[in-house]
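1. predicted coordinates and the sequence they were generated for:
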Amino acid sequence: MSGTLVEPHAHSGHRPPEEVENYIAAEHSVRSWLLTVDHKRIGILYMVSITLFFFIGGVMATLIRLELMTPKGDILKSADEYNRLFTQHGIVMIFFFLIPSIPAVLGNFLIPLQIGARDLAFPKLNLLSWYIFIIGGAISLGVMVTGGVDTGWTFYTPFSSMYSNTNVIATAIGVFIVGFSSILTGLNFIVTIHTMRCPGMTWGRLPLFCWATYATSLVQVLGTPVLAITIALLGLERLLHVGIFDPKLGGDPVLFQHMFWFYSHPAVYIMVLPSFGVLNEIIPCFSRRPIFGYKFMAGAILAISMLGFLVWGHHMFVSGQSMYAGMIFAILSLLVGIPSGIKVFNWTATMYKGQIIGKTPMLYALGFVGLFTIGGLTGLMLASLAIDVHVHDTYFVVAHFHYIMVGGATMAYLGGLHFWWPKISGRMYPEFWGKVAAMIIFVGFNLTFFPQFLLGYLGMPRRYYEYRPEFQILHVMSTAGSSILAVGFAMPLVYLILSLWYSPKAPANPWGATGLEWTTPSPPPPYNFETTPIVTEGPYQYDHDEVAHA
Amino acid sequence: MWNFPFLPDQASEQANQVDGVMYVLLAVTAFFTVLIAGQVIFFGIKYRAGSKANRSGRKSTSHNLEAFWIGSTFIICVVMYIISTHVFFQMYNPPADASEIYVVAKRWMWYLQHPEGRREQDELHVPLGKAIKLVMTSQDVIHSFYVPAFRVKQDVLPGRTTALWFRPTKAGAYNLFCAEYCGSDHSRMIGTVYVMEPSDYERWLTGGPESGGRVSMASAGEQLFQKNHCSDCHSPAGQPNRGPTLVGLHGGNAPIQQKGGSVSMVKADDAYIRESILDPRAKLVAGFEPIMPSFKDQISEQDLFQIIAYIKSLGKGQEGGR
Ligand code: HEM
Ligand SMILES: [Cu+2]
């Protein structure tokens, strides 16, 4: 939206440009960070905390992969230790890294900037959400150092409620608490997007990143309470032996799975929808083209978020639910392929006849397109009943969801982080190292997870500490890949931190991108905009000479 | 190094069908992956910034194109659904002539029992070519019975039975795995399925350690029927006593007293009989007092299977009731 601003520009006044106060330099004390209500600073707080969780989860993943190099248990002392590791890896990565990643870091930072607002609707609530997140996280970390939990991140009953003798309750409390952070953040975003858009920022001109975060927020607000209820019931049964899930007490174990997946399937969309938003910003910018099919892109995001509530039963095809239920869940799940297809095709159509620039964010975005395609199509295989009976609960499923969650969502997060790094930090990232890391991650990722599709189809069950020797070759390949992947993930941590001191200062709009966030200095001033922007045209006006201009 | 297989053994009728569906889906997946990745790479090169490629006539929206890919993905999804559901349907419904074998899962072991009486642990012997239906339950948490070579899997739940069937088509020894995470030794809850020539299987059935004193499941069930004093109220002679007779019950309909006083017919299948033993008051047979005690926690899952086998042996009921 460059050129859509009504003047005056930020530094036309009395202050020389280099003295424009920015949100980072505004105050320096630790207290000023911990008590900040600036959405940008809160975004940074989240960034630091989820990075910590990501590396904790990563260390666990490394240990899991090392253990699986050989069929027999060797590196870890016991099967119980292995079971605790994969459980905690899952809990950390899903609840404490991926769910908050794009929404809480990039969403917090960008939504007010993209809609031309001064802050979120409820700045103090935003800070509270972060504290809730930290309390939940601290409890879960506390559990891990004091014995751990071994139920799997899925907490299936009656194992979790009556049989496991690890810290199920404390972990459940941690997850329960962090859910409120998710609900409050979602609520904050919804209200903000509804009420704080600047003049001229109509729904039809809303950047697709905001659309994606908006849809995600709806899912967070509608789905997370069900998780809270489920966890509370689990706690009731475990502590007070109220029969809800264990048949010995008169309960029904499959009921838990219905309740759990009613949240957790939408939760996988909480993890992936925001990445669609990120891609919708990066691909047009580095193709110098408007996004293809804006309305369909926004519609597809909403369609996925709503369909996502109707497909939970596809996790339960062999759970003993009725055959007819399975058949209905299967067709609804397959239909998710349609809006997912719309997204992918529109991304490639955006590149068509563009001026494609292969900067780091674009490399991540293009990697995402390929890996999400594989993840989505294998999802269709899983939704095809006959196949799922064979590969359910095998490494095939493990490969599928890592293609979506790591190859997809995590790559999108990294792409977004690089894209907006100049805006966030006020410094450029080193382009060469950025590209090298993106490529290492892409290669390492495929080497780690592609063999797992083969393993799964061969029949290797998931959550196995020891396995039959015929599976070893593929496990060794996967472990080798994971060591490459680990290097790839460590690199951005190093060079992004170093860039704060050693990289050149970033201009307001290094990519020549549209979008209000690029009209304010990098890093932005605490109040975001000198004057409230006024929007006069749609987003992604990269291309004024096109045919059939809408 | 490269001689690892890409498919597990195909040792059942279902295996071929599932792999058939897989080939179709693999073709679809490969097609779209190559299409999308190809476009990304091709456009990335051809339309790299500053290249001389012709860029005239571009658009940023087209309803026809959107309709085209919505339509084509829809058709592909429906086709996937039809072929996979067709196979699933067959996998789900055992043929009428399937012979039953009973499975009890318990952390971290599989107990199996053949109707003829032979029991085994973590091993299952089955004859080649015959449809086998496994009737399964768990003593504790959820497990899952998984034989990759047969492409079958079914969760095994506590408190109820689930079933799974297959028809082995290739003699050999195959992996049996527990596929639902069940705690410490989940990865050791494994075993072997032996598919044998029918004659070998017959010999195997009558052999084994307790071959001398072995009794069929039904006769073992009869002994339990006496021992637990079921026979005190349920006369095996066919007359109602303090409780209804169980002769000719299984497979027929039982008249159940409803709240309002009306009577409705309920199918007397394994699940009904199981429930009647563990929770007799859940469904009361019309005309009898609610005096039967619950045998919950008193009869093991294995014994339950035997008692049910005995009741089954008392004759098959009529659809219309007795
Ligand atoms: C076209 C879209 C998709 C379809 C049709 C699809 C389908 C499926 C199906 C049928 C399963 C169950 C497999 C089983 O347990 O046997 C599954 C598992 C899973 N999917 Fe997807 N999926 C899609 C996209 C996604 C996305 C976008 C994510 C995450 C961001 C995701 C994450 C997961 C996870 C985490 C699991 C495994 C959960 C567990 O058992 O631990 N999927 N998917
Ligand atoms: Cu098990």
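-> Noted; the coordinates are in hand. Remember, predicted model here, so these are calculated numbers, not experimental data. Residues are numbered from 1 along each chain as shown, chains lettered A, B, ... in the order given. Ligands and ions are numbered 1, 2, ... in the order given.

2. which residue comes closest to the residue in the stretch 101-250 of chain B that ligand 1 sits nearest to once chain neighbours are left out?
-> At 9.3 Å from ligand 1, B:Lys153 is the closest residue in the stretch 101-250 of chain B, using C-beta to the nearest ligand atom. For every residue, glycine as well, the C-beta is placed using N, CA and C. Spatial nearest neighbour of B:Lys153, excluding adjacent residues (C-beta to C-beta, 6 or more residues apart in numbering or on different chains): B:Tyr146 at 4.3 Å.

3. coming back round to it: got the contact list for the residue of the stretch 101-250 of chain B closest to ligand 1?
-> Residues counted as contacts of B:Lys153 (C-beta atoms under 8 Å, 6 or more residues apart in numbering or on different chains) are A:Val318, A:Val389, A:His390, A:His392, A:Asp393, B:Ser144, B:Phe145, B:Tyr146, B:Val147, B:Leu164, B:Ala179.

4. quick one: secondary structure of it?
-> At B:Lys153, secondary structure determined by DSSP: H, G, I helix; E, B strand; the rest coil is strand.

5. quick one, helices of the stretch 201-322 of chain B?
-> Secondary structure of the stretch 201-322 of chain B, counting by DSSP state H, counting those that start in this stretch: helices at B:217-227, B:270-278, B:301-313.

6. by contact count, what packs against the second one?
-> Packed against helix B:270-278, as judged by 3 or more C-beta pairs under 8 Å, 6 or more residues apart in numbering or on different chains; DSSP states H and E, are the following elements: helix B:301-313.

7. how far is the helix it packs on from where the chain is centred?
-> 18 Å (C-alpha atoms, centre = their mean, to the nearest Å).

8. same check on stretch A:161-179?
-> 23 Å.

9. close to chain B, is it?
-> Yes: for stretch A:161-179, a contact with chain B is found by C-beta under 8 Å from any C-beta of the partner chain, at A:Tyr163, A:Ser164.

10. how about that stretch: buried residues?
-> Neighbour counts over stretch A:161-179 (16 or more other C-beta atoms under 10 Å in any protein chain shown) mark A:161-164, A:166-179 as buried.

11. identify the residues contacting the residue nearest the centre of chain B.
-> The residue lying closest to the centre of chain B (C-alpha atoms, centre = their mean) is B:Leu164, at 2.3 Å. Going by C-beta under 8 Å, 6+ apart, B:Leu164 touches B:Lys133, B:Leu134, B:Met136, B:Phe145, B:Val152, B:Lys153, B:Gln154.

12. is it possible to get JSON lines of these that adds pLDDT and distance to A:Trp421?
-> JSON lines is the format used below for those (pLDDT from 0 to 100; distance: C-beta to C-beta, whole Å):
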{"residue": "B:Lys133", "pLDDT": "95", "distance to A:Trp421": "60"}
{"residue": "B:Leu134", "pLDDT": "95", "distance to A:Trp421": "57"}
{"residue": "B:Met136", "pLDDT": "94", "distance to A:Trp421": "55"}
{"residue": "B:Phe145", "pLDDT": "97", "distance to A:Trp421": "51"}
{"residue": "B:Val152", "pLDDT": "95", "distance to A:Trp421": "50"}
{"residue": "B:Lys153", "pLDDT": "96", "distance to A:Trp421": "46"}
{"residue": "B:Gln154", "pLDDT": "96", "distance to A:Trp421": "50"}
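
13. what's the burial count for B:Ala15?
-> Neighbour count of B:Ala15, defined by other C-beta atoms under 10 Å in any protein chain shown: 25.

14. distance check, it against B:Ala149.
-> 7 Å (C-beta to C-beta, to the nearest Å).

15. the helix or strand where the residue nearest to the centre of chain B lies pairs with which strands, parallel or anti?
-> Applying DSSP states H and E as the criterion places B:Leu164 in strand B:162-166. If you go by DSSP bridges, strand B:162-166 pairs up with strand B:132-138 (antiparallel).

16. check the secondary structure at the closest residue to ligand 1 within the stretch 401-550 of chain A for me.
-> In the stretch 401-550 of chain A, no residue comes nearer to ligand 1 than A:Phe401, which is 3.3 Å away by C-beta to the nearest ligand atom. At A:Phe401, secondary structure determined by three-state DSSP is helix.

17. do B:Tyr174 as well
-> Secondary structure assignment for B:Tyr174 (three-state DSSP): strand.

18. burial check on the closest residue to it other than its chain neighbours, number of neighbours?
-> Spatial nearest neighbour of B:Tyr174, chain neighbours left out: B:Ala149 (4.0 Å); criterion: C-beta to C-beta, 6+ apart. For B:Ala149, the neighbour count with other C-beta under 10 Å is 23.

19. next one: B:Ala149 from B:Trp69, what distance?
-> Applying C-beta to C-beta, the value for B:Ala149 to B:Trp69 is 39 Å.

20. which residues does B:Thr162 bridge with?
-> In this entry, B:Thr162 is beta-bridged to B:Met136, by DSSP bridges.

21. for it, which residues are in contact?
-> A:Gly320, B:Met136, B:Thr137, B:Gln154, B:Asp155, B:Val156.

22. for the chain, which spans come out with low pLDDT?
-> Using chain A. Counting by pLDDT under 70, the ranges of chain A that qualify are A:1-20, A:544-550.

23. meant chain B, my bad for not saying
-> Applying pLDDT under 70 to chain B picks out residues B:1-5, B:209-213, B:317-322.

24. now the strands for it?
-> Using DSSP state E, the strands assigned to chain B run over residues B:99-106, B:109-113, B:119-121, B:123-127, B:132-138, B:143-147, B:152-156, B:162-166, B:172-178, B:191-196, B:253-257, B:263-267.

25. what's in contact with the first one?
-> If I follow you right, that is strand B:99-106. Applying C-beta under 8 Å, 6+ apart, the contact partners of strand B:99-106 are B:110-115, B:124, B:126, B:130-140, B:143, B:145, B:156, B:178, B:189, B:217, B:301-302, B:305, B:309.

26. and residue 232, how many residues sit next to it?
-> No chain in the question, so chain A it is. By the criterion of other C-beta under 10 Å, A:Ala232 has 12 neighbours.

27. not quite, I wanted chain B
-> Residues near B:Asp232, counting by other C-beta under 10 Å, number 11.

28. then A:Val311?
-> Using other C-beta under 10 Å, A:Val311 is surrounded by 23 other residues.

29. for it, which non-adjacent residue is spatially closest?
-> Closest residue in space to A:Val311, ignoring its immediate chain neighbours: A:Ser333 at 4.4 Å, by C-beta to C-beta, 6+ apart.

30. by contact count, what packs against the helix or strand hosting the one you found?
-> According to DSSP H and E, A:Ser333 maps onto helix A:323-335. Here helix A:323-335 touches helix A:360-383, helix A:385-391, helix B:63-92, going by 3+ C-beta pairs under 8 Å, 6+ apart.
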